[in-house]
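Participant: structure, please.
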Amino acid sequence: MADLTNDPTVPLISPQSPRRNDEGVMGYGGQAHHRPPGEPGHTRTLGLWPLVTLIFFEVSGGPFGTEDAVSAAGPLLTILGFLIFPVLWSVPEALITAELATAFPENSGYVAWVTAAFGPFWGFQEGLWSWISGVTDNSLYPVMLAANLEIFFPQLAEGWPKYTFLVGMSLLLSGLNYRGLTVVGNAVITSTLAILVPFALLCALCLPKVQLSNYTRVDWDSVNWPTFLNVMFWNLNYWDSVSTLAGEVRDPGRTFPRALLLAVVLVVAMYLLPTVAALGVLGTTGDWKLGYYGTVAQQVGGSWLAAWIIVAAACSQVGQYQAEMASDSYQVQGMAERGFLPRALGRRSRYGTPVYGILLSSLGVLCLAYKSFEEIVTMLNAIYCLAELLEFAAFIWLRIKRPDLPRPYRVPLPTWGLVLMLLPASALLLVVLAMPFINRDWATCCWTLAAVGLGFVMHPVLQYSKRRGWLAFDEMHFDCANVYDEYPPAVYLRGNGSCHTAGPPAPAAAPAGATEVNGHGAAVVVVAKGDNNHH
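Facilitator: Just a heads-up that it's a prediction; the model follows:
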């Protein structure tokens with residue numbers, strides 16, 4: 001994290017640095033992996049394959065969770081959905097993430113994107129809405145794990161055994177996340193392999209028994225469109241969530257685009273192939289519900305394959321929980337280190353993990369885990385749509401207003417082409433957002449409006465607390481496009497606001513949104529400078 005004092009005599013990584021001496025609050029402890037991204041000496045721990053598997057679990061984690069789409073719309077629409085939705089929705093979102101996560105390789109992720117485009121107020125709204133949506137999403141995975149285990153433990157269907165299991169599993173998995181991204185990355189790689197193998201075997205066993213007539217069945221009168229669209233949307237979203245780990249990725253300019261490409265292929269294959277195989281054998285969709293892949297495995301392979309699929313389901317839910325918890329908790333830490341939240345919330349553990357980010361995200365999960373799968377999906381989708389619309393607008397705005405912002409990866413389309421690419425995805429967002437209001441789902445409507453109202457109130461309250469000195473905040477700024485790892489250091493050239501490697505910056509203050517280098521040679525995107533009244 002770059003210091004905006006512009007004093008080159010203050011070493012950023014020295015324990016005596018004014019920014020580093022408050023170990024009791026910040027908790028960096030002088031070790032490399034405790035330092036914020038962009039700070040000299042920060043160790044980036046995520047390579048290509050751990051990042052691929054984290055994206056896989058952020059978005060998918062396997063075909064678990066598709067069962068409600070099958071029961072809502074039947075085989076034909078479900079298969080078409082997994083062919084069409086990735087093109088209209090997943091690929092555009094992944095491309096945006098690849099461009100902007102490499103332009104802002106730090107843990108505030110999409111918060112940095114929106115702030116650079118529209119300022120701190122909307123950046124804060126983006127962060128809050130995304131965090132609430134992410135925590136709501138994470139409350140699904142203990143619920144899904146309990147549903148998958150019901151085939152062996154019927155007691156988990158309801159009552160105190162179920163809720164005891166949900167609480168205990170949430171706390172256990174949060175504890176694993178506390179141990180660091182290296183542990184999480186290794187765990188999700190293992191989980192990915194544990195999912196791929198049994199489903200490859202399931203597909204092979206289903207193939208000789210497939211009846212092609214099963215795929216054409218659709219009863220248009222009985223299609224439950226809200227459930228179908230919500231479940232399909234949920235199964236193929238959250239490509240942007242991994243941007244909040246960008247500060248922990250090695251060589252993000254190369255690693256992010258490659259990881260996202262591989263993850264898109266893996267996600268689509270892991271949805272489409274098992275779903276097509278299972279529907280070819282069991283075309284009757286009325287019985288499809290959470291955990292139904294265990295039933296399919298029982299029929300085509302026997303109890304041993306059913307048990308293996310249940311173990312794979314457990315690995316999936318554990319991996320998804322770990323990936324989402326990492327994203328949510330590092331977002332809190334990133335927002336604190338970038339001046340959106342009080343400095344204390346950026347504290348890191350001795351493992352380099354965000355202490356209060358994990359704590360707050362875990363509490364949110366525990367508060368929501370008692371709800372049903374459909375209720376949680378509908379609630380998280382509505383808020384997620386708001387955040388995504390803001391991200392899309394920021395992406396186009398930065399292309400127009402900040403064309404010289406360093407982008408190690410750039411989507412190979414002109415601005416008008418990007419607008420056309422995002423039109424179908426934006427229409428889908430508006431439809432999903434409108435459905436709770438059209439269907440009078442008042443719980444989801446209230447949840448969405450409450451999230452919006454909370455953000456509109458929290459931001460001015462926090463700013464007032466900052467001005468009054470009630471809470472300590474870090475300077476608001478963002479690292480720009482990996483240039484803190486380049487030599488000679490990039491500097492701000494007045495007139496175009498881009499990162500270059502020529503000459504010293506002019507002494508006057510750079511405008512908000514410009515790329516600037518402080519006295520330490522670290523490049524930042526300036527949001528606001530001066531006294532607290534401008535933050």
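Participant: so Leu413 makes contact with Met421?
Facilitator: Yes - contact status for Leu413 versus Met421: in contact at 6.5 Å, counting by Cβ atoms under 8 Å. For every residue, glycine as well, the C-beta is placed using N, CA and C.
Participant: neighbour-wise, which of the two wins?
Facilitator: Met421 (18 against 13; other Cβ atoms under 10 Å).
Participant: list the contacts of whichever strand or helix holds that one.
Facilitator: Per DSSP states H and E: Met421 is located in helix 415-438. Helix 415-438 has contacts (Cβ atoms under 8 Å, 6 or more residues apart in numbering) with 88-89, 92-93, 95, 226, 229-230, 233, 378, 381-382, 385-386, 388-389, 392, 395-396, 399-400, 411, 413, 441, 444-445, 448.
Participant: which parts of the stretch 401-535 of the chain are strands?
Facilitator: According to DSSP state E, counting those that start in this stretch, the stretch 401-535 of the chain carries its strands in the segments 477-479, 491-492, 499-500, 515-517, 523-526.
Participant: quick one: the helices in the stretch 201-350 of the chain?
Facilitator: All helices of the stretch 201-350 of the chain, identified by DSSP state H, counting those that start in this stretch, fall at 225-235, 252-281, 292-301, 303-337.
Participant: most packed of the ones you listed?
Facilitator: Greatest average neighbour count among the helices of the stretch 201-350 of the chain goes to helix 303-337 (a mean of 25), per mean count of other Cβ atoms under 10 Å.
Participant: the inter-axis angle of that helix versus helix 252-281?
Facilitator: Here helix 303-337 runs at an angle of 150 degrees relative to helix 252-281 (axes from the mean of the first three to the mean of the last three Cα atoms, to 10 degrees).
Participant: also compute the angle for helix 303-337 relative to helix 292-301, please.
Facilitator: Going by the same axes, to 10 degrees, helix 303-337 makes 150 degrees with helix 292-301.
Participant: okay, stretch 106-118 in PDB with CA atoms only?
Facilitator: Taking Å, rounded to 0.1, in the frame of the first residue of the first chain, the C-alpha atoms of stretch 106-118 are listed here in PDB:
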ATOM      1  CA  GLU A 106      -5.300  -5.200  -5.300                       C
ATOM      2  CA  ASN A 107      -7.700  -6.600  -2.700                       C
ATOM      3  CA  SER A 108     -10.400  -3.900  -2.900                       C
ATOM      4  CA  GLY A 109     -11.200  -5.300  -6.400                       C
ATOM      5  CA  TYR A 110     -14.300  -3.900  -8.000                       C
ATOM      6  CA  VAL A 111     -14.400  -1.200  -5.300                       C
ATOM      7  CA  ALA A 112     -11.300   0.300  -6.900                       C
ATOM      8  CA  TRP A 113     -12.900   0.100 -10.400                       C
ATOM      9  CA  VAL A 114     -16.100   1.900  -9.400                       C
ATOM     10  CA  THR A 115     -14.300   4.500  -7.300                       C
ATOM     11  CA  ALA A 116     -11.900   5.400 -10.100                       C
ATOM     12  CA  ALA A 117     -14.900   5.900 -12.400                       C
ATOM     13  CA  PHE A 118     -17.500   7.600 -10.100                       C
END
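Participant: weakest of the strands of the stretch 401-535 of the chain by average pLDDT?
Facilitator: Mean pLDDT is lowest for strand 491-492 among those, at a mean of 31.
Participant: one step back: tell me the buried residues in the helix holding Met421?
Facilitator: For helix 415-438, a neighbour-count test (16 or more other Cβ atoms under 10 Å) marks Leu418, Met421, Leu422, Ala425, Ser426, Leu428, Leu429, Val432, Leu433, Met435, Pro436 as buried.
Participant: where do the helices sit along the stretch 51-200 of the chain?
Facilitator: For the stretch 51-200 of the chain, the helices defined by DSSP H, counting those that start in this stretch occupy 67-85, 91-103, 110-118, 120-138, 140-149, 159-178, 181-206.
Participant: so which of those gets nearest Thr53?
Facilitator: helix 181-206 (4.3 Å; Cβ to Cβ).
Participant: which helices and strands sit right next to that closest one?
Facilitator: With contacts defined as 3 or more Cβ pairs under 8 Å, 6 or more residues apart in numbering; DSSP states H and E, the packing partners of helix 181-206 are helix 48-59, helix 159-178, helix 252-281, helix 292-301, helix 303-337.
Participant: mean pLDDT added to these, as a markdown table?
Facilitator: Below are these laid out as a markdown table (pLDDT from 0 to 100):
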| stretch | mean pLDDT |
| --- | --- |
| helix 48-59 | 87 |
| helix 159-178 | 84 |
| helix 252-281 | 92 |
| helix 292-301 | 90 |
| helix 303-337 | 87 |
